[in-house]
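**Student:** Any chance you could fold what I've pasted below:
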Amino acid sequence: QVQLVESGGGLVQAGGSLRLSCAASGRPFSSYVMAWFRQAPGKERDFVATVNWNGARTVYSDSVKGRFTISRANAENTVYLHMNSLKPEDTAVYYCAQGVVAGGLRESEYDYWGQGTQVTVSS
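**Tutor:** This next block holds a predicted model:
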């Protein structure tokens, strides 16, 4: 059974930083693409970033490019989202996802999801 467990969310002031983690289990981590999505209150869930199986290829949404970095540690079965220069509009529940489509931007390209972790950025 695949499980994805996010952690690291919290309350931070604008301009601050957070690091989210997602621990995966249940199938060979290094074989799968990992991604982060987010959902703000009253809005649809949006793509944030994705990383391929070996970390060599990353894709970011325009809204976070240059501020967020996705990385993975295959030996630890963990994917990270390093978030810098946070803005109030980054406030959302952040979800980790696992799939097989390298560079996938759509929810439908990921078949397992975590429960989410709340990130709140105050102005």
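
**Student:** Can you pull out the residues in contact with stretch 12-21?
**Tutor:** The contact list for stretch 12-21, computed with CB atoms under 8 Å, 6 or more residues apart in numbering, reads 6-10, 36, 78-88, 94, 96, 117, 119-123. All C-beta spots, glycine's among them, are computed from the backbone N, C-alpha and C.

**Student:** And the residue nearest the centre of this structure?
**Tutor:** For the chain, the residue nearest the mean C-alpha position is residue 36 (2.3 Å; CA atoms, centre = their mean).

**Student:** Any quick PyMOL command for the buried ones out of the contacts of stretch 12-21?
**Tutor:** A single PyMOL command is used to select the members of the contacts of stretch 12-21 judged buried by 16 or more other CB atoms under 10 Å:
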select buried, resi 6+8+9+36+78+79+80+81+83+86+94+96+117+119+121
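
**Student:** Go through the contacts of stretch 12-21 and flag which are in strands.
**Tutor:** 6-7, 10, 36, 78-83, 94, 96, 117, 119-122 (DSSP state E).

**Student:** one step back: quick one: contacts for the residue nearest to the centre of the chain?
**Tutor:** Per CB under 8 Å, 6+ apart, neighbours of residue 36: 20, 22, 48, 49, 50, 70, 79, 81, 94, 95, 96, 97.

**Student:** Kind regards, and thank you for your time.
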